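Colleague: Curious how this folds, go ahead:
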Amino acid sequence: FNYFDENLTLQFSSLLVEEVFAPADIIFEEEDYGNKMYFISKGKVEIFHGPSNSSLKHLSDGGYFGEIAFFTDNGRCSSARCLDFVDTATLDKK
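Modeller: Just a heads-up that it's a prediction; the model follows:
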């Protein structure tokens, strides 16, 4: 958020909620409704294709995921699983 005006950053950060996940937790599954977007504060997350369990990418501190379904109102196009303890800042549509 270093690129944004400080006032905008403060307003945006007031909308974020902290969520903590444990190793092997499934944060969401493919086809789930995408009402949340996640920003990784600490930890590692694997994005994978659910039916085949094929790994698509690994994300860590500073990464984000869940944006496609969040902005398009489509179902999730992949699944997300924790590789270790993960702290996230979550933006919810509610």
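Colleague: can we go C-alpha only for contacts and neighbour counts from here?
Modeller: Fine.
Colleague: residue ranges with poor pLDDT in the protein?
Modeller: Within the chain, the segments meeting pLDDT under 70 span 1-4.
Colleague: tell me what the longest helix belonging to it is packed against?
Modeller: Of all the segments of type helix in the chain, defined by DSSP state H, the longest one is helix 6-13. Applying 3 or more C-alpha pairs under 8 Å, 6 or more residues apart in numbering; DSSP states H and E, one finds that helix 6-13 contacts no other helix or strand.
Colleague: Any buried residues in it, and which?
Modeller: Across helix 6-13, burial judged by 16 or more other C-alpha atoms under 10 Å covers no residue at all.
Colleague: could you pull out the helices for the protein?
Modeller: Using DSSP H, helices in the chain cover 6-13, 67-72.
Colleague: just so I know, which of these lies nearest E31?
Modeller: Distance to E31, taken as C-alpha to C-alpha, is lowest for helix 67-72 among the helices of the chain, at 9.2 Å.
Colleague: Distance from that closest one to the middle of the chain?
Modeller: Relative to its parent chain, helix 67-72 has a centroid offset of 11 Å by C-alpha atoms, centre = their mean, to the nearest Å.
Colleague: before we move on, what about stretch 77-89?
Modeller: In terms of C-alpha atoms, centre = their mean, the centre of stretch 77-89 is set 7 Å apart from its chain centre.
Colleague: just stretch 19-32 next, same as before
Modeller: On C-alpha atoms, centre = their mean, the centre of stretch 19-32 falls 9 Å from the chain's centre.
Colleague: ditto for stretch 52-63
Modeller: That offset, for stretch 52-63, works out to 11 Å (C-alpha atoms, centre = their mean).
Colleague: In that stretch, which residues are buried?
Modeller: Of the residues in stretch 52-63, 59-60, 63 count as buried by neighbour count, 16+ other C-alpha under 10 Å.
Colleague: same thing with stretch 34-51?
Modeller: For stretch 34-51, by 16+ other C-alpha under 10 Å, it's 34-49.
Colleague: for V20, which residues make a bridge with it?
Modeller: Taking DSSP bridges as the rule, V20 bridges to D87.
Colleague: In this model T90 seems to touch it, though I could be wrong.
Modeller: No: with contact defined as C-alpha atoms under 8 Å, V20 does not count as touching T90 (10.0 Å).
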